[in-house]
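Asks: got a sequence here, can you model it:
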Amino acid sequence: MGLCRGAQGRALPEYGIKRRPPTSSSAAALGGRLVKLAGDRDAARFSCEVSRVCAAHPTDGPSEYGEVLAWVVDAIVDVIIARLGPAGPGERFILDLRFIDGGYVDVDDLPESGRWVLRTVSALLGGDLANGVRSLTAAEQQFDTTMRAETLADALIWLDFLLDVDLPDPPDVITT
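Replies: Model prediction:
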């Protein structure tokens, strides 16, 4: 995934995006454990934990899935901004997906879960909080169990990748 800042966007408060309400500490702890399993490449435990989180439906009570997915998406946004620095005035983030050989990935060729992650992260990076929240709500309330698992797994894999990718340190920020 290539990351860069482009022109013609708008900078919004705090890291260039409006923030959603924070997720619960239990969702953050569970999300962190899932990221560790993804990073450890422990496919069996990763699959089992993702399946457990995705199995409960919102009609059964509060959904761990929605909170964990929101935490993972927020973490993806936070990592991008931490690695590249906030978008400046008149700038916005542009996400480019590339193959290892440098060729561009056609977003339409991604599975639905991958497109969901890209659209939701892009909305939040672009300051479109309403669209980002609408996307998170739809994922929690409308996705079937398989789509929930694929979406959460994709988001966790993207986050693990971003945490491991070799990017330059963010530019120094001069304050007056």
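
Asks: how about the helix or strand residue 69 falls within: buried residues?
Replies: Residue 69 belongs to helix 64-84 when assigned by DSSP states H and E. Buried residues in helix 64-84, counted by 16 or more other CB atoms under 10 Å: 64-81, 84. All C-beta atoms are positioned from the backbone trio N, CA, C, and that covers glycine.

Asks: likewise stretch 38-56?
Replies: 38, 39, 46, 49, 50, 53, 54.

Asks: ok, now how distant is the residue minimising distance to the centre of the chain from residue 94?
Replies: Centroid check for the chain by CA atoms, centre = their mean gives residue 73 as the closest residue, at 2.9 Å. Separation of residue 73 from residue 94 (CB to CB, to the nearest Å) stands at 18 Å.

Asks: what's the answer for residue 130, then?
Replies: 20 Å.

Asks: more neighbours: which of those two?
Replies: More neighbours surround residue 94 than the other of residue 130 and residue 94, with 15 against 10 (other CB atoms under 10 Å).

Asks: how about the helices in this protein?
Replies: 13-16, 25-40, 43-55, 64-84, 112-125, 129-142, 145-164 (DSSP state H).

Asks: closest to residue 100 out of those?
Replies: For the helices of the chain, proximity to residue 100 was assessed by CB to CB; helix 145-164 is nearest, at 12.1 Å.
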